[in-house]
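> Sequence first, predicted coordinates after that:
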Amino acid sequence: MTETSYDQSAPLEVTIAAPVDTVWRELREPARIRHWHGWDAEGNDAEIEFIYITDTKEWPEKHRVQLNGGDTVTLHAHAEQTLVRLTRAPRDPTSEWDAYYEQINEGWLTFVQQLRFALERHPDEERRTLYLAGASTGAGDLRDELSLRDIADGPAGSRYDDTVVGERVGGQLWFRSERQLGLSVDEWGDGLLVVAAAPDAANQPHGSAMAILTTYGLDDARFADLEQRWSEWWQTRYPSDEGAVAYPR
């Protein structure tokens with residue numbers, strides 16, 4: 001389990017228990033990026049191509065790539081582990097994306113932790129995901145709404161067992177930050193639950209909440225049940241039609 005904070009003035013750093021060449025390949029091949037970036041969505045392949053391939057600059061001998069938009073990822077080998085360091089491009093008040101700068105910071109934290117989970121727990125495996133997002137109007141912090149606060153405050157790497165959205169689940173506290181919590185979920189084929197609260201911003205005056213449920217090996221009926229329960233629970237608390245939700249993309 002890692003505890004991660006992301007100050008936009010400092011790089012995001014996450015250590016992955018995988019060799020540097022393995023992590024580099026995971027960052028440069030679209031078919032492999034699909035195993036961890038984002039979630040199941042019609043535009044995910046186009047987004048992967050736009051961010052990681054189009055108009056990028058790479059230095060393979062240094063395991064460094066400047067992504068489309070100017071964010072830079074550098075990998076540093078430490079024995080059989082790899083330190084992933086992501087440095088954001090400077091803010092640009094003239095860009096339409098500047099209003100989403102902090103949300104994108106949080107999005108990168110989510111994605112890098114999904115990369116770590118895929119490589120350490122499910123290398124080469126396909127996933128199936130559920131993505132939920134909405135405005136926080138009238139609802140509290142998502143971690144409190146899900147009764148996960150005690151788990152989030154637990155010891156690093158600790159096991160948990162709790163009822164979440166009508167299902168008894170258990171697993172490990174995978175990562176946490178000021179606004180995010182990641183939990184492995186045994187019942188989802190050793191899946192990953194990431195929940196987050198986005199900060200208030202001019203484009204999101206009430207803030208917003210986000211959840212990504214990553215599953216492995218669930219049959220269609222099991223996944224459909226998961227989707228129905230979470231969607232119904234979510235819509236009563238964080239309706240997506242309350243306002244634009246840019247986080248984490």
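Done, it's in.
> Domain map for the chain?
Following automatic domain parsing, one finds the domains of the chain at 2-123, 129-242.
> pLDDT of the last one, averaged?
I take that to be domain 129-242. Taken as a whole, domain 129-242 has a mean pLDDT of 89.
> Give the helix, strand or coil label for the residue nearest in space to the middle of the chain.
In the chain, the C-alpha nearest the mean C-alpha coordinate belongs to residue 110, at 2.3 Å (Cα atoms, centre = their mean). Look at residue 110: counting by DSSP: H, G, I helix; E, B strand; the rest coil, its state is helix.
> Run through the residues that contact it.
Contacts for residue 110 were tallied using Cβ atoms under 8 Å, 6 or more residues apart in numbering; they are 180, 194, 196, 212, 248. Quick note: C-beta positions are derived from backbone N, CA and C, even for glycine.
> what's near enough to touch the third one?
Residues touching residue 196, when contacts are defined by Cβ under 8 Å, 6+ apart, comprise 106, 110, 142, 179, 180, 181, 209, 210, 211, 247, 248.
> Now do the SS call for the first one.
Secondary structure of residue 106, reduced to three states by three-state DSSP: helix.
> Now do the helices in the protein.
20-28, 30-33, 44-48, 101-121, 142-145, 149-152, 220-235 (DSSP state H).
> could you dump the ones you listed to JSON lines with distance to residue 57?
Supplementary listing: the helices of the chain in JSON lines, determined by distance: least, Cβ to Cβ, whole Å:
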{"stretch": "helix 20-28", "distance to residue 57": "12"}
{"stretch": "helix 30-33", "distance to residue 57": "17"}
{"stretch": "helix 44-48", "distance to residue 57": "17"}
{"stretch": "helix 101-121", "distance to residue 57": "18"}
{"stretch": "helix 142-145", "distance to residue 57": "37"}
{"stretch": "helix 149-152", "distance to residue 57": "38"}
{"stretch": "helix 220-235", "distance to residue 57": "39"}
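> I'm done for today, thanks for sticking with me.
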